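J.: Sharing a model prediction with you, sequence too.
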Protein chains: 2
Amino acid sequence: MSQSWLDAIKWNADGLVPVVAQEATTGKVLTLAWANREALAATAQEGRAVYWSRSRQQLWRKGEESGYVQRVQDIRLDCDSDAVLLIVEQVGGIACHTGRERCFYQRLQGDRWVDSEPVLKRPDAIYRK
Amino acid sequence: MSQSWLDAIKWNADGLVPVVAQEATTGKVLTLAWANREALAATAQEGRAVYWSRSRQQLWRKGEESGYVQRVQDIRLDCDSDAVLLIVEQVGGIACHTGRERCFYQRLQGDRWVDSEPVLKRPDAIYRK
C-alpha cells in the first residue's frame, strides 16, 4: 500500500499528530492521543488504534494489555491536515485507564472540575501490576 | 470566578491545550483547535468557543467574522488533564473555513484521502476578503 497518504499529514515538530477517537455507536468522544507515522500506518493496516505513547516513548497498541482494543471503522483528517479523527468500536466499553467509559469525564461546574462519570471497573482489575 | 480550574490543566510547552469541539445535537466532531489560558477562560466566561490561533498568534473568537459561533454547553477535561472537549451548538451549521459542516471531511479510502463532505457555502461568501 502506498504511504503517500501519510505524507499529506502535517506532523508537528516531534513528528506527531493529535488523534481523536469517537465511539461509532454512542457518538461519545473517548480519547485524545497522539500518533507518529509508524503508529498511524499500523492503525490503517491493522484496523485497530495504535498510538505513540509520549510518556513511554514507544508504540502503544491500545488495549494490548487490557484487551480494550479500539477497532477502527473510519479514519478522517481535518482541513489543515494536522488532526486525525478515528471512528471506532470500543471493545469492552472502557477506553480510559481509570476504568471509565472514556477519558473526558471531568466536567467544569462553576469554577471546578467534577468527576462526572462512574468507574466501571477498577484499574487494578484491568492492568497488571 | 476563581481560576484554579485553569491551573489544573497541563498546558504544553507553548502554553496551549488541544480543544475538540463536538456538536451537541448531531454528535459530530467538528474541529480540533488550540487554546491558551486566556482563550479557555474567555470560553467559559462568554459561553462561546474562543481559541488561540497558532498561525495568527492571537485570540480567535470562533465565528467573529463569519457569524458561525460555537455556543458552549459543556466543557470537559480528560484524565491526564491535557485535552479539552467542548460540547457546542454550531450556529449556522458550518464549522469549517472551507464552508463545510466540519473540518474532518477528508476520509481515508484505501491509500488516499477523499473529500467526503459537501461545501455548503463558498468560503468567499463567508469571509471578507
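T.: Yep, that arrived.

J.: And what about the nearest residue to residue A:102 once chain neighbours are set aside, helix, strand or coil?
T.: The shortest distance from residue A:102 to any non-neighbouring residue, by C-beta to C-beta, 6 or more residues apart in numbering or on different chains, is to residue A:30 (4.2 Å). All C-beta atoms are positioned from the backbone trio N, CA, C, and that covers glycine. For residue A:30, the secondary-structure state derived from DSSP: H, G, I helix; E, B strand; the rest coil is strand.

J.: Now do the contacts for residue A:30.
T.: By C-beta atoms under 8 Å, 6 or more residues apart in numbering or on different chains, the contact list for residue A:30 reads A:21, A:22, A:23, A:70, A:88, A:90, A:95, A:96, A:101, A:102, A:103, A:104.

J.: For residue A:12, see how far away it is.
T.: Residue A:30 sits 22 Å away from residue A:12, taking C-beta to C-beta, to the nearest Å as the criterion.

J.: Excluding covalently adjacent residues, which one is nearest to the residue in chain A that chain B sits nearest to?
T.: Chain A approaches chain B most closely through residue A:27 (3.4 Å), counting by C-beta to the nearest C-beta. Closest residue in space to residue A:27, ignoring its immediate chain neighbours: residue B:27 at 3.4 Å, by C-beta to C-beta, 6+ apart.

J.: how many neighbours does that neighbour have?
T.: Residue B:27 has 14 neighbouring residues, counting by other C-beta atoms under 10 Å in any protein chain shown.

J.: So it, which state does it fall into?
T.: Classification of residue B:27 using three-state DSSP returns coil.

J.: That one contacts residue A:24, correct?
T.: No. Shown here, residue B:27 and residue A:24 do not form a contact pair, counting by C-beta atoms under 8 Å, at 10.7 Å.

J.: quick one, helices of chain A?
T.: With DSSP state H as the criterion, chain A has helices at A:4-7, A:37-46, A:123-126.

J.: With mean pLDDT, distance to residue B:64 and mean neighbour count added, can I get the ones you listed in CSV?
T.: Formatted as CSV, those follow (pLDDT from 0 to 100; distance: least, C-beta to C-beta, whole Å; neighbours: other C-beta atoms under 10 Å in any protein chain shown):
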stretch, mean pLDDT, distance to residue B:64, mean neighbour count
helix A:4-7, 96, 34, 14
helix A:37-46, 98, 33, 18
helix A:123-126, 84, 43, 12
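
J.: Need those in JSON lines (columns: distance to residue A:110).
T.: Output for the helices of chain A, formatted as JSON lines (distance: least, C-beta to C-beta, whole Å):
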{"stretch": "helix A:4-7", "distance to residue A:110": "44"}
{"stretch": "helix A:37-46", "distance to residue A:110": "38"}
{"stretch": "helix A:123-126", "distance to residue A:110": "28"}
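
J.: just so I know, which of those helices lies nearest residue A:74?
T.: helix A:37-46 (11.0 Å; C-beta to C-beta).
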